[in-house]
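Colleague: Have a look at this prediction, sequence included:
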Amino acid sequence: MLSTLSRRRRAFTLIELLVVIAIIAILIGLLLPAVQKVREAAQRMSCENNLKQIGLGIHNYHDANNALPPDRIAMCWPTWAVLILPYIEQQNVYNLWDVRKRYYEQNGPVGSAADPCPYNIPTYFCPARRGPGPVSVPMPKPADLAKNGGPRAGGLSDYANCGGTDGSNGALVEGTAWQTSPPNVNLDGLTTAIPPLGTLCLGFASQTNFQSISDGLSNTLLVGEKFIFPADLPGTGTDGSVYSSGNGEEHTFRRFVGNNGASPPLLRYLVPTTKDPGPDANNKVWADKAFGGPHAGLCQFVFCDGSVHALPVTININTLQLLGVRNDGQVIPPY
């Protein structure tokens, strides 16, 4: 009888059970930050790879055309994000586009399989922010209806090309030398003359190539992570379609750095947070025109040589401007 009792398994006491639970909780508390860091590192590496692929696509475009793609063919016409599709293994999507036509006048019924605009490209999304989910929300305006043929939802992106300080001195700038039908239509978009519906852009020229980047390919920003107001996610305002370049949509595909030269100046540095930082000292809203990603303390860019670098959000704004301008001839200090 005593031998049988001695062989019985002894149960945990309440105190022992609480100690075990406390030890497990401590281990989980130690493990979760490590898992989170691994996840963040993986997301950052995936984002870095996306930028690498975009940079490679732009290089392949240059090899095929002896010129860099324009950031947009002309106002309201497709952007660089459309033009490089064949060079990032998206030929099938590119085949749906008619780059002779404005974004709002593309083929196919809106929202149909033949409509090229709603397609989200996984390479255009940073996994630390989101995946390729909903498309932009069409936001019709009276001017757009007259100029562009109507509202149309479109694919989004977490990346934008660097337009330098004002859109004219970055690596990618607007197209020029347009050949139109009807002939001699001005596609500038800054003029008061609105091209009639049905206008075709039969040909265009790029204003830049690698030779025009006199500051050096390794010293010039090409494409980076753009800041998006949290309230705009997904698909409104600053998060509009990366394919569209209509009036008021310039910042969906292009962002700026440094001093824009206005009086008072608008200063675009790297947004240090995913939240809206508010207006600057001159009461100007600037973040919708600036770069800034979801990685803590960093914003990633692909440079014109195809290399990807994570810039600290604390980078000096003058240094950032020197990196954004292709031909200022200035020495770039360490960053």
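Modeller: Alright, I've got the coordinates.
Colleague: Nearest the geometric middle of the protein, what residue?
Modeller: Nearest to the mean C-alpha position of the chain, by C-alpha atoms, centre = their mean, lies Tyr159 at 1.2 Å.
Colleague: What separation is there between that residue and Phe301?
Modeller: Distance of Tyr159 to Phe301, given as C-beta to C-beta, to the nearest Å: 9 Å. To be clear about C-beta, it is placed using only N, CA and C from the backbone, and glycine gets the same treatment.
Colleague: shared neighbours of those two, anything?
Modeller: Both Tyr159 and Phe301 are in contact with Leu51, Val223, Gly224, Glu225, where contact means C-beta atoms under 8 Å, 6 or more residues apart in numbering.
Colleague: And the second one, its phi and psi?
Modeller: Dihedral angles of Val223 (phi, psi; degrees, to the nearest 10) stand at phi -140, psi 140.
Colleague: Which pLDDT value goes with it?
Modeller: With respect to pLDDT, Val223 scores 98.
Colleague: residues near it, how many?
Modeller: Val223 has 31 neighbouring residues, counting by other C-beta atoms under 10 Å.
Colleague: what about Leu30, distance to Ser245?
Modeller: For Leu30, the distance to Ser245 (C-beta to C-beta) stands at 50 Å.
Colleague: more crowded one of the two?
Modeller: Counted by other C-beta under 10 Å, Leu30 and Ser245 do not tie: Ser245 has more neighbours, with 29 against 9.
Colleague: can you pull the contacts of the more buried one?
Modeller: Listed by C-beta under 8 Å, 6+ apart, the contact partners of Ser245 are Asp71, Arg72, Ile73, Ala74, Met75, Cys76, Trp77, Pro78, Thr79, Tyr103, Thr252, Phe253.
Colleague: Also Ser263?
Modeller: Ser263 neighbours (C-beta under 8 Å, 6+ apart): none.
Colleague: can you check Asn260 too?
Modeller: Asn260 touches Thr165, Asp166, Leu266, Leu267, Arg268, counting by C-beta under 8 Å, 6+ apart.
Colleague: neighbour-wise, which of the residues you listed leads?
Modeller: Result: Arg268 is most packed of these (other C-beta under 10 Å), 26 neighbours.
Colleague: bridging residues for that one?
Modeller: Here Arg268 sits in beta bridges with Gly258, as judged by DSSP bridges.
Colleague: That one reaches Arg255, doesn't it?
Modeller: Yes: Arg268 is in contact with Arg255 according to C-beta atoms under 8 Å; the separation is 7.4 Å.
Colleague: about what we covered before: keep only those of the shared contacts of Tyr159 and Phe301 that are in strands.
Modeller: Using DSSP state E, the subset of those located in strands is Val223, Gly224, Glu225.
Colleague: Give the burial count for the second one, as a bare number.
Modeller: Other residues near Gly224 come to 30 when the count uses other C-beta under 10 Å.
Colleague: That one and Asp158, how far apart?
Modeller: For Gly224, the distance to Asp158 equals 10 Å [C-beta to C-beta].
Colleague: about what we covered before: could I get the contacts of Ser245 as a markdown table with neighbour count?
Modeller: Formatted as a markdown table, these follow (neighbours: other C-beta atoms under 10 Å):
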| residue | neighbour count |
| --- | --- |
| Asp71 | 27 |
| Arg72 | 31 |
| Ile73 | 27 |
| Ala74 | 23 |
| Met75 | 21 |
| Cys76 | 26 |
| Trp77 | 29 |
| Pro78 | 28 |
| Thr79 | 28 |
| Tyr103 | 26 |
| Thr252 | 27 |
| Phe253 | 27 |
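Colleague: between those residues, which is closest to His59?
Modeller: Distance ranking of the contacts of Ser245 against His59, using C-beta to C-beta, places Asp71 first at 16.0 Å.
Colleague: Quick check: phi and psi on Ile88?
Modeller: Main-chain dihedrals, Ile88, degrees, to the nearest 10: phi -130, psi 30.
Colleague: burial count for it?
Modeller: Neighbour count for Ile88, taken as other C-beta under 10 Å: 22.
Colleague: Could you find the closest non-adjacent residue to it?
Modeller: Once flanking residues are discounted, Ile88 sits nearest to Gly57: 4.1 Å by C-beta to C-beta, 6 or more residues apart in numbering.
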